[in-house]
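Novice: what follows is a predicted protein model with its sequence.
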Amino acid sequence: MYLLIERIPLDPSRGSCVHTENCFVPISEIIAVEETEFNKKQRNIGRWQKMAKLHAFTVHYVKKARNHRWRCSAATFWCVDEHLCNQWTQALKELLEMQKSRPKQLLVYINPFGGKRQGKRIYEQKVAPLFSLASISTDVVVTEHANHAKDNLFEVNIYKYDGVVCVGGDGMFSEVMHGLIGRMQKDSGIDQNNPKASLVQCNIRIGIIPAGSTDCICYSTVGISDPVTSALHIIVGDCQPLDVSSVHHNDTFLKYSVSLLGYGFYGDILKDSEKKRWMGPMRYDYSGFKTFLSHHYYEGTIAYQPAKHTHGSPRDKVSCRTGCYICKQSEKQLAEQNKEHGLKKEEGEEEWKVIKGKFLAINAVNMSCACPRSPKGLSPAAHLADGSADLILVRKCSRFDFLRYLVRHTNQDDQFDFPFVDVYRVKCFQFTSKLSEDNESNVMDVGKKRFGQFCRDHPACCCNIVNSTWNCDGETLDSSAIEVRVHCQLMKLFARGIEEDCKDEAGHSQSSIEQLL
Ligand SMILES: CCCCCCCCCCCCC/C=C/[C@@H](O)[C@H](CO)NC(=O)CCCCCCCCCCCCCCC
Ligand SMILES: Nc1ncnc2c1ncn2[C@@H]1O[C@H](COP(=O)(O)OP(=O)(O)OP(=O)(O)O)[C@@H](O)[C@H]1O
Ligand SMILES: [Ca+2]
């Protein structure tokens, strides 16, 4: 159902709409309806103001601008008939009440130190006024230390909230996600340390107000990193399921990941950049340049199970968009699996593929990992909710070739069209570094370990006997040997995926308007 906002009065004797443009607004994208004190000075309404007392109401609605940006717009309607005005206000409010997916109560965590340290200001100035306009009540926690939000989520009554909002970057999102998923497993008696455990889905949605350095998860799920746009997606009650990978080492749970699990290049950047937090978002450019020059490669073995259940491929030319068919298929399969519980084919029965080699980077991505630095992301055709990850292996190559590969993160060319880059769509994988394999087989070989440390300290040396670090959504992991498994649609966001490019500013093609008329 749509509300048509028109400038031209339909019936001049009854009333009009004070607005500068015509557009259709789906009821689901109305933010709020308010009775309005009509201010005669605001508009030149000519002879109407002399005739009688005017009654008015204002509709606040989502206006879609370019590049997936959403803004809050308003149209004030007035008429001389008070009863008619009340009828309209009431009818619209009732329609809004029927939007059951909208949150009424939210728990908000703000990291005051993320990104450019603007989290608190962004929330107070841009987001809180919109939540209050939409009559959403909030409990706000400004974090005082790392893991504050995560620990708090194990203590509070999360079930009284319709969603949890994090104001910060990918690291802050990761904290909230760990808190929520961890809490769900704890409450359901699931042991997170069991890598084969069927995890319980988390139905409490997370909203991300971007205020970090990379904001990759927000950008990849909304199409833009913009606090007002994200706040509006929360208000209208959008829902986007998301795949989550669990990462284990020797039957010990390490972390969950939704964006990038990167070993080699992205692990080394992160490790170096942690020491430069004071530089803010610039630290990644500094450490990126340094890591590029060091050109370390790492030897190891990867074993993976291909994701046969999903129809897509990482080399597809189409990307995951709002209402994605491939993600819908995975959702259906998941529902069937849950119904037939027990008949599910065990992972152990399926074939593992093994690859050994020397790698500059091993990147496993659950989503495209698009962000302002790389608008298409590391795997442009990856899906948000298909139950698979794209495993990208960048083998040892020259600095020049690696630079060509990196440049393709930023332009339209195919990143996988290089002889030294391989990509696989997988549902699980394991990695062991050559160094840890060697150490396991020869525990006496301490000299190699020491030499490894020596080489790490000398960036000009490209030798291959040091371990890199795993970058797990922007946090380092302590183990290089890991076991990863994708959990299809384990959690949900207040988002709708990236919308197809709109033909006009209002987001409707001419034909859809004609159909409505
Ligand atoms: C020549 C230009 C090449 C530009 C290449 C730009 C690639 C950018 C790719 C970004 C991918 C982000 C993936 C998301 C990861 C997040 O879960 C995580 C948490 O926020 N962020 C990072 O780990 C933060 C990762 C930040 C990575 C920044 C990389 C900057 C690389 C600079 C290389 C310079 C080479 C220059 C040679 C002359
Ligand atoms: N009050 C706090 N003091 C110190 N650290 C905090 C606080 N609150 C949260 N953190 C931690 O700060 C880390 C980084 O936060 P955040 O993700 O918001 O910013 P960022 O690192 O600049 O952005 P990005 O993750 O997008 O690169 C998180 O891992 C989180 O655990
Ligand atoms: Ca996926």
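Specialist: Right, received. Where do you want to start? The shown structure was predicted, so the numbers you read here are calculated from the model rather than taken from an experiment. Ligands and ions are numbered 1, 2, ... in the order given.

Novice: from here on, contacts and neighbour counts on C-alpha atoms
Specialist: OK.

Novice: what is the longest helix along the chain packed up against?
Specialist: Counting residues, the longest helix found in the chain (DSSP state H) is helix 170-188. Contact partners of helix 170-188 among helices and strands, from 3 or more CA pairs under 8 Å, 6 or more residues apart in numbering; DSSP states H and E: helix 148-153, strand 163-168, strand 252-257.

Novice: mind running it again at 7 Å?
Specialist: Applying 3 or more CA pairs under 7 Å, 6 or more residues apart in numbering; DSSP states H and E, one finds that helix 170-188 makes contact with helix 148-153, strand 163-168.

Novice: now the first one, how far from the centre of its chain.
Specialist: With CA atoms, centre = their mean, to the nearest Å as the basis, helix 148-153 stands 20 Å off its chain's centre.

Novice: same question, stretch 273-289
Specialist: 22 Å.

Novice: and the pLDDT at Phe38?
Specialist: Phe38 carries a pLDDT value of 70.

Novice: ok, it touching Ala56?
Specialist: Yes: here Phe38 reaches Ala56: they are 5.9 Å apart, a contact under CA atoms under 7 Å.

Novice: so for the two, which sits in the more crowded spot?
Specialist: Here Phe38 and Ala56 are compared on neighbour count by other CA atoms under 10 Å; more neighbours surround Ala56, at 26 against 18.

Novice: list the residue ranges of the stretch 51-200 of the chain that fall below the pLDDT cut-off.
Specialist: Within the stretch 51-200 of the chain, the ranges that satisfy pLDDT under 70 run 51-52.

Novice: near ligand 1, which residues of it are found?
Specialist: When proximity is defined as CA under 6 Å from any ligand atom, the stretch 51-200 of the chain approaches ligand 1 at Asp170.

Novice: now do the helices in the stretch 51-200 of the chain.
Specialist: Using DSSP state H, counting those that start in this stretch, the helices of the stretch 51-200 of the chain run over 82-97, 119-122, 128-133, 148-153, 170-188.

Novice: would CSV of those helices with mean neighbour count and distance to ligand 3 be doable?
Specialist: Shown next, in CSV, are those (neighbours: other CA atoms under 10 Å; distance: least, CA to the ion, whole Å):
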stretch, mean neighbour count, distance to ligand 3
helix 82-97, 15, 33
helix 119-122, 19, 29
helix 128-133, 16, 31
helix 148-153, 20, 24
helix 170-188, 21, 16
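
Novice: ligand 2 is nearest to which of the ones you listed?
Specialist: helix 170-188 (3.1 Å; CA to the nearest ligand atom).

Novice: ok, the closest one near ligand 2 or not?
Specialist: Yes: Helix 170-188 is in contact with ligand 2 by CA under 6 Å from any ligand atom, via Asp170, Gly171, Met172, Glu175.

Novice: tell me the contacts of the third one?
Specialist: The neighbourhood of Met172, defined by CA atoms under 7 Å, 6 or more residues apart in numbering, consists of Asn111, Cys166.

Novice: if I look at it, how far off is Gly223?
Specialist: Relative to Gly223, Met172 is positioned 19 Å away (criterion: CA to CA, to the nearest Å).

Novice: same deal with the first one?
Specialist: According to CA to CA, Asp170 and Gly223 sit 15 Å apart.

Novice: what about the nearest residue to Pro103 once chain neighbours are set aside, how many neighbours?
Specialist: Setting aside the residues directly before and after it, Pro103 is nearest to Asp162 in space (CA to CA, 6 or more residues apart in numbering), at 5.2 Å. Asp162: 18 surrounding residues under other CA under 10 Å.

Novice: briefly note if stretch 252-267 comes near ligand 1.
Specialist: Yes: contact of stretch 252-267 with ligand 1 (CA under 6 Å from any ligand atom) involves Ser259, Leu260.

Novice: buried ones in that stretch?
Specialist: Buried residues in stretch 252-267, counted by 16 or more other CA atoms under 10 Å: 253-267.

Novice: what of stretch 265-277?
Specialist: Phe265, Tyr266, Gly267, Asp268, Ile269, Leu270, Lys271, Asp272, Ser273, Glu274, Lys276.

Novice: ok, those vs Pro26, which is closest?
Specialist: Closest approach to Pro26 among the buried residues of stretch 265-277 (CA to CA): Tyr266, at 42.1 Å.

Novice: check contacts around the residue nearest to Tyr284 when sequence neighbours are not counted.
Specialist: Excluding the flanking residues, the one nearest Tyr284 by CA to CA, 6+ apart is Ser273, at 6.0 Å. Ser273 makes contacts with Arg283, Tyr284, Ser287, as judged by CA under 7 Å, 6+ apart.

Novice: quick one: Ser273 is in a helix?
Specialist: Yes: secondary structure assignment places Ser273 in a helix (DSSP: H, G, I helix; E, B strand; the rest coil).

Novice: how close does it get to Ile482?
Specialist: 22 Å.

Novice: for Arg373, same thing?
Specialist: 28 Å.

Novice: please say which of those two ends up with more neighbours.
Specialist: For Arg373 versus Ile482, the count of surrounding residues by other CA under 10 Å is larger for Ile482: 23 against 11.

Novice: in three-state terms, label Gly207 for me.
Specialist: strand.

Novice: for it, give me the pLDDT.
Specialist: So Gly207 comes in at 98 (pLDDT).

Novice: pull the distance from stretch 171-182 to the chain's centre.
Specialist: Stretch 171-182 sits 12 Å away from the centroid of its parent chain (CA atoms, centre = their mean).

Novice: the nearest residue to Leu391 once chain neighbours are set aside and Gly171, how far apart?
Specialist: Leaving aside its chain neighbours, Leu391 sits nearest to Ala364 (4.4 Å; criterion: CA to CA, 6+ apart). Applying CA to CA, the value for Ala364 to Gly171 is 17 Å.

Novice: the residue lying closest to Arg277 once chain neighbours are set aside: what's it in contact with?
Specialist: Nearest non-adjacent residue to Arg277, counting by CA to CA, 6+ apart: Arg283, 6.6 Å away. Residues in contact with Arg283 (CA under 7 Å, 6+ apart) are Ser273, Lys276, Arg277.

Novice: taking the stretch 151-300 of the chain, what residue is nearest to ligand 3?
Specialist: Nearest residue of the stretch 151-300 of the chain to ligand 3: Asp243, at 5.4 Å (CA to the ion).

Novice: near ligand 2, which residues of the protein show up?
Specialist: 111-115, 143-147, 168-172, 175, 212-215, 474.

Novice: which ChimeraX command selects the buried ones in those residues?
Specialist: Selection command for ChimeraX covering only the buried members of the residues of the chain next to ligand 2, criterion 16+ other CA under 10 Å:
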select :111,112,113,114,115,143,147,168,169,170,171,172,175,212,213,214,215,474
